[in-house]
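>>> from the sequence below, what's the structure:
(4 chains)
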There are 4 protein chains.
Amino acid sequence: MTLKLIDSAPQWPNGARCAVCISFDVDGETLVHRRFPDSAPDQVALAAQFRYEPAVAMPRLLKIFAAHGIRQTFFIPGWCIDRYPETIEQVLDGGHEIAHHGYAHARPNMQTPEAERESLQAGIEAIRRVSGARPAGYRAPAFQHSRHTISHLLDEGFEYDSSLFGDDVPYLLGDDTRSLIELPTDITLDDWTKFACLPDFGYMMPIASPSAALEMYKAEFEAAWRHNGMFVTVWHPFLSGRLARAEMIDQLLSHMQQKGGVWFATMSEIARHCRGLIDAGAWKPRTDRIPFSAGPLPSGTPG
Amino acid sequence: MTLKLIDSAPQWPNGARCAVCISFDVDGETLVHRRFPDSAPDQVALAAQFRYEPAVAMPRLLKIFAAHGIRQTFFIPGWCIDRYPETIEQVLDGGHEIAHHGYAHARPNMQTPEAERESLQAGIEAIRRVSGARPAGYRAPAFQHSRHTISHLLDEGFEYDSSLFGDDVPYLLGDDTRSLIELPTDITLDDWTKFACLPDFGYMMPIASPSAALEMYKAEFEAAWRHNGMFVTVWHPFLSGRLARAEMIDQLLSHMQQKGGVWFATMSEIARHCRGLIDAGAWKPRTDRIPFSAGPLPSGTPG
Amino acid sequence: MTLKLIDSAPQWPNGARCAVCISFDVDGETLVHRRFPDSAPDQVALAAQFRYEPAVAMPRLLKIFAAHGIRQTFFIPGWCIDRYPETIEQVLDGGHEIAHHGYAHARPNMQTPEAERESLQAGIEAIRRVSGARPAGYRAPAFQHSRHTISHLLDEGFEYDSSLFGDDVPYLLGDDTRSLIELPTDITLDDWTKFACLPDFGYMMPIASPSAALEMYKAEFEAAWRHNGMFVTVWHPFLSGRLARAEMIDQLLSHMQQKGGVWFATMSEIARHCRGLIDAGAWKPRTDRIPFSAGPLPSGTPG
Amino acid sequence: MTLKLIDSAPQWPNGARCAVCISFDVDGETLVHRRFPDSAPDQVALAAQFRYEPAVAMPRLLKIFAAHGIRQTFFIPGWCIDRYPETIEQVLDGGHEIAHHGYAHARPNMQTPEAERESLQAGIEAIRRVSGARPAGYRAPAFQHSRHTISHLLDEGFEYDSSLFGDDVPYLLGDDTRSLIELPTDITLDDWTKFACLPDFGYMMPIASPSAALEMYKAEFEAAWRHNGMFVTVWHPFLSGRLARAEMIDQLLSHMQQKGGVWFATMSEIARHCRGLIDAGAWKPRTDRIPFSAGPLPSGTPG
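From the prediction side, this is the model:
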């Protein structure tokens, strides 16, 4: 393959072949409360799976990243930030970025506009309380932007979003007057599609072996590397922090480091790099204009 | 295996061992509107996946086909043709065929006969507006012919259909007075069954690695090649146009070209070749007579 | 592994290591009528998949079996027997066994006892009409025996059933006064679990490659061979008769023949062999007594 | 990987690298009664699958364990203990542990507190009747603890539970005054996720080959071995006792024995070892305090 399959990528720092951000969504027990709002206390088995995150998975993953000298981005709902102060401290001590992932993992497109804004502000406050600063980035719970989400994010000064699967490289979401950087990922890079078998959530899926998952992540990374793209995982500590999978992550990190030419960065570093190139006139990304659609298909449209 | 497992194939041009058509269904956001007729504007994440088609996947795929010198068939709903003029221009510039895939992806067997006919005509018009000609071929949205579809297609002068999984080689659908060529495919060749994990559509399926998918497509191609059959993929740019998979397509095309003895053609070229053989008396395909059944099982039929 | 993991197998003829019966369920369009009793005529795509059976898959499979000199058992609903006379003739010409698979594929445990008996008799008549003899064996549609099925089968003089997954070798179903031979299979040996992706039936499953399926079938065959068991597939022509899979079947047959020590037989030959051993006092199988249970758990049983 | 990924493991006896307990859940036909409380007698095919457990799978598995000289833990509902006395005798003769798995497999979190306690006591009595002693351990049916389960277990003097996925090594569940040992497992180690395809239970999943399953179990075992963890399978005889899979178990046991440094033990032996270390001040595990949550999210919590 000598074809160049990506035309629109920014130059990465120091001539790197691609940008890599190992991002995690640290949902904790918010998913239990969302799925079982009334009977959460009787979902003990489910809760125990998610409590594995602060108790076991997060310290383990942070140890692995530290050993590799890599800083990451953790998208954490405000509720988890408030409830797991030790975990948050470990994340901040490691120099990692904490980004916004809602307050209690409500999907924006299932909320009223007011409730969405309230969740957004509660999540911002939770992050400000622990880090002293507002978050730079956002990933919608379950990726589910409402039609208002991007406007809300722009109103609140967010620099980037990472919820959409609209490209292989950064691009812009916005209108004539303002925009934020979209750092896209893909469902293929989400560990739920590899490791989650959760009948309680109607998520009936076979579980991949660590080596099968490693093969898939490597394939996506290699493609990004060959074509100067970006590789952004969406991992969940309760899944990918399990012992044999944490070893897989360690192997993947080693593989990428040995390959060379990789810019490991947090999402906010990538977003700021991109914004800098734009401001300097060195990169002109496309803009996907919001709102995406004016509404439902007009009445009378043929089927 | 020295057994000949296909008896009814036509002779392919220039003594080719098999015919290959890489066909794509370019559904764009029509699927969002069909699944969420009222709340489509709040399905931002889903829409972004489908907007990946015109923005990223289509230019990439067209570049790959151009590099291989292969022309393809794209089944495109009229709504997408009207909405994505640049993409359509790229397709036509590449010498590819645009075929009919409904107007806004309504399934014919969920429509009234009048609505089905309206969609059919709206799709024909959309194609005529951009290409100057009526389409030669049709693939029903979600393959879901109604009992009227074939009659409608014959009334409108279509030459071929490619919605059914009724054979491994072309055959006829019709009655005593008229027929069209069916160019069958199979669900096994549909990339949804390899790459789609779309909980919003109730499509909960594990995602295959590019190499696992390549193995399956090669296995089907090799079997067609050995037995003088036909290999018709059903690919969707939002799935198979993803970076690592586009590389897989490039590899598959290279593999088939190096193998030799392959007739790469558009669907309409295949259909016209078949019709020519029939008219010349050089091939007598079977006819599957429509309608397939007179109705539900008669009352009183034992269970 | 030197452990003997099967203790209860009969001696197979000529000292064979295991018995093999490649059994097929030829359901044709009965599944469409069952799933869509009112709208079957609008299920054109689905019907075309099943019409592939008589048109393409059955002649192909029969050619493969003939080339290997192997006779098989085909479980065919009476409705298909009545509707596809040419296919039936091909089956009988090949020396294969036709066994009972309901009339129009109603599940006995969804029928009234009267309707179940009516289907049973209609299926017997259909087989008698084409073969001149009553069927020796039965497989319930979807395996779904009612509590009455075995009694019905005994009343009608059936020699064997092959619907249950209760053992790895033949055993008896019955009571103190009478019994029939159960020739068990397992869902693992059913090609639906490998090759069916049928959203219309709520059957959302990934499709295995021919080589992955071959590996699984070989693993089960090898285990049966090592432990003197029985290997009974449940294949469906619309799935396993597809081109690349038919080649897989050819390879599996070759593998088993080259391995040696395999008794290829129809189900009725196996059942008669077993009955002969019992009558001669040379084999004492266990009997699973019917009915399996007296009823639901008694009221007051702790949960 | 030279990182130590587990910090909190107890020392295993004789310097073993890890502890292994092959635990089975022997549910028999209780699952049929739970799923089809009224129509269980018409679920003949389903019942036959579960009757395979006492008839075929259990003697086979016990033979394999005996050949390897390994004793195991079997979690068995009281109803099965009462109904399958021969099987229970074989288990006890082999020196294996029988632990509590409910009475008729009701999920505690679907029961009233009174019904849950009744099931708990009925299960204790069933075990006492056959073994002369109360059970030491418990695994909730379908893992589904209610908010009361741990208190009930402590009231009844249980020493351990094995229902939660909260860690990779033993830990404590309790409050300031009392605790029991949790011996966690993980859904990845449950053979339903590898081998069950049970549409009747809405469990639509592809079936793994024995070799694919072996690879996954080995990967988890190797990780536990490298990091001084614990490897606790959750197997079901009707699935893993099938012929080719029983051979897989034999291979896995051989692999682990040849590897060396493995402490094969029953769950109660592991729990007692852990309690001994705690009492001796030689190990200080974390305690996950019950109840996990005070209730649903307070009204007014942002979404």
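
>>> what about the residue of the stretch 201-303 of chain A found nearest chain D, distance to chain C?
Closest contact between the stretch 201-303 of chain A and chain D, by Cβ to the nearest Cβ, is at A:A244 (3.8 Å). In short, each C-beta sits where N, CA and C put it, glycine included. Computed as Cβ to the nearest Cβ, to the nearest Å, the A:A244 to chain C distance reads 22 Å.

>>> for that residue, grab the count of nearby residues.
Close neighbours of A:A244, defined as other Cβ atoms under 10 Å in any protein chain shown, add up to 25.

>>> which secondary structure elements does the helix or strand containing it sit against?
According to DSSP states H and E, A:A244 maps onto helix A:243-259. Counting contacts by 3 or more Cβ pairs under 8 Å, 6 or more residues apart in numbering or on different chains; DSSP states H and E, helix A:243-259 is packed against strand A:18-25, helix A:58-68, helix A:210-226, helix A:237-240, helix D:210-226.

>>> outside of the shortest one, which residues touch it?
Helix A:237-240 is touched from outside by A:24, A:26-27, A:49-50, A:52-53, A:57-58, A:61, A:191-192, A:194-196, A:245-246, A:248-249, with contacts defined as Cβ atoms under 8 Å, 6 or more residues apart in numbering or on different chains.

>>> these two touch, right, A:H236 and A:T30?
No - here A:H236 does not reach A:T30: they are 11.7 Å apart, not a contact under Cβ atoms under 8 Å.

>>> and these two? which has more neighbours close in?
More crowded of A:H236 and A:T30, by other Cβ under 10 Å: A:T30, with 25 against 21.

>>> picking up where we left off before, can you point out the buried residues in the helix holding A:A244?
Across helix A:243-259, burial judged by 16 or more other Cβ atoms under 10 Å in any protein chain shown covers A:L243, A:A244, A:R245, A:A246, A:E247, A:M248, A:I249, A:D250, A:Q251, A:L252, A:L253, A:M256.

>>> same check on stretch A:263-279?
A:263-275, A:277-278.

>>> and those residues, which of them are in helices?
A:M267, A:S268, A:E269, A:I270, A:A271, A:R272, A:H273, A:C274, A:R275, A:L277, A:I278 (DSSP state H).

>>> turn those residues into TSV, columns for distance to C:D82 and pLDDT.
Listed next are those as TSV, based on distance: Cβ to Cβ, whole Å; pLDDT from 0 to 100:
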residue	distance to C:D82	pLDDT
A:M267	65	98
A:S268	70	98
A:E269	71	98
A:I270	67	98
A:A271	68	98
A:R272	73	98
A:H273	72	98
A:C274	68	98
A:R275	72	98
A:L277	72	98
A:I278	72	98
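
>>> which residues of the stretch 1-150 of chain A score low on pLDDT?
A:1 (pLDDT under 70).

>>> repeat that for 90
A:1-2 (pLDDT under 90).

>>> in it, what residue is nearest chain D?
A:A106 (2.8 Å).

>>> show me what contacts A:V32?
Here A:V32 is in contact with A:A40, A:Q43, A:L46, A:A47, A:F50 (criterion: Cβ under 8 Å, 6+ apart).

>>> give me the element it is part of.
In this structure, A:V32 sits in helix A:30-35 according to DSSP H and E.

>>> which other helices and strands does the next helix-or-strand element following that helix contact?
Following helix A:30-35 in sequence order, the next helix or strand is helix A:44-52 (DSSP H and E). Judged by 3+ Cβ pairs under 8 Å, 6+ apart, helix A:44-52 is in contact with helix A:30-35, helix A:237-240.

>>> and helix A:44-52, how far out from the chain middle?
Centroid separation for helix A:44-52 versus its chain: 22 Å, with Cα atoms, centre = their mean, to the nearest Å.

>>> contacts for it?
A:27-29, A:31-32, A:35-36, A:40, A:198, A:200, A:237-238, A:241, D:109, D:140, D:143-147, D:149-150, D:163-167, D:184, D:288, D:292-293.
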